[in-house]
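S.K.: sequence first, then the predicted structure, then my questions.
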Amino acid sequence: MRSKNTETMMRIKGYCEGYVLSTGRSPSMADIAGYIGMSRSSAYRYVTYMSNNGMLEYDGNEITTETSAKYRGNTVKAALIGSIRCGSPQYEEENIESYFTLPEELFGKGEFYCLHASGDSMIDAGIEDGDIVVCRKQISADEGDIVVALVDGESTLKRFFIDRKKKCFILHPENGEYEDIIVEELYIQGVATHVIKKLGNAVGL
């Protein structure tokens, strides 16, 4: 078999790694062909050539690289669905912006969604303006949890407490410049579990 174009092989390898990271599964030959702009047979010849030369592994069904093998554990998919105010309550935007694939070994099992944090009322909890907050969908919470709470039709991110004597809920900001939000009724939409933030030019958890 004739040698293949090095740039094309690197594009195929990078595409396969990105595909596994975003979807949790290996791309098909049709996926690769569509991305590169070649026929399926040409994509197959490239992949088999790369497999024979140690650039990736192809078993006739799945494509694996050294990097993508690290992604192939159990994952959960979480929608990024807008922003939430870390300050005064704000209406939660339901438009899905994108999806994240989250490894279960880091985030645990469950149903998750993600929100952009807006404001500075939770900075002492490590949540800053622009961070992405990963939330587990649930309608109940333990005291001390950081929750997404729906209050009078608007959502806010705060630490959750119950005042049983006064029969009310307390949504506590983690910033001394803000006062507690005290309400008799609220609806818990989820519990924050992780924060994804930029550390310089990198993304940290």
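M.R.: Yep, that arrived.

S.K.: what lines up beside the one helix or strand residue 190 maps to in the sheet?
M.R.: Using DSSP states H and E, residue 190 sits within strand 187-199. Neighbouring strands of strand 187-199 in its sheet, by DSSP bridges, are strand 132-136 (antiparallel), strand 146-151 (antiparallel), strand 202-204 (antiparallel).

S.K.: show me the contact partners of it.
M.R.: Under the contact criterion Cβ atoms under 8 Å, 6 or more residues apart in numbering, strand 187-199 has outside partners 92, 106-108, 112-114, 117, 126-128, 130-141, 145-151, 155, 157, 160, 203-205. All C-beta atoms are positioned from the backbone trio N, CA, C, and that covers glycine.

S.K.: buried members of the residues you listed into ChimeraX, please.
M.R.: The buried residues among the contacts of strand 187-199 can be selected in ChimeraX (16 or more other Cβ atoms under 10 Å) with this line:
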select :92,107,112,113,114,117,127,131,132,133,134,135,136,141,145,146,147,148,149,150,151,155,157,160
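
S.K.: these two touch, right, residue 127 and residue 157?
M.R.: Yes. Contact criterion Cβ atoms under 8 Å: residue 127 and residue 157 qualify, at 7.1 Å.

S.K.: what's the overlap in contacts for these two?
M.R.: Contact with both residue 127 and residue 157 is made by residues 86, 117, 133, 146, 192, according to Cβ under 8 Å, 6+ apart.

S.K.: low-confidence ranges, the protein, go.
M.R.: 1-4, 22, 24, 70-73, 85-95, 198-205 (pLDDT under 70).

S.K.: nearest residue to the spatially most central residue of the chain other than its sequence neighbours?
M.R.: Geometric centre of the chain, nearest residue: residue 100, 3.5 Å, by Cα atoms, centre = their mean. Spatial nearest neighbour of residue 100, excluding adjacent residues (Cβ to Cβ, 6 or more residues apart in numbering): residue 78 at 4.8 Å.

S.K.: using the three-state scheme, assign that neighbour.
M.R.: Counting by DSSP: H, G, I helix; E, B strand; the rest coil, the backbone at residue 78 sits in strand.
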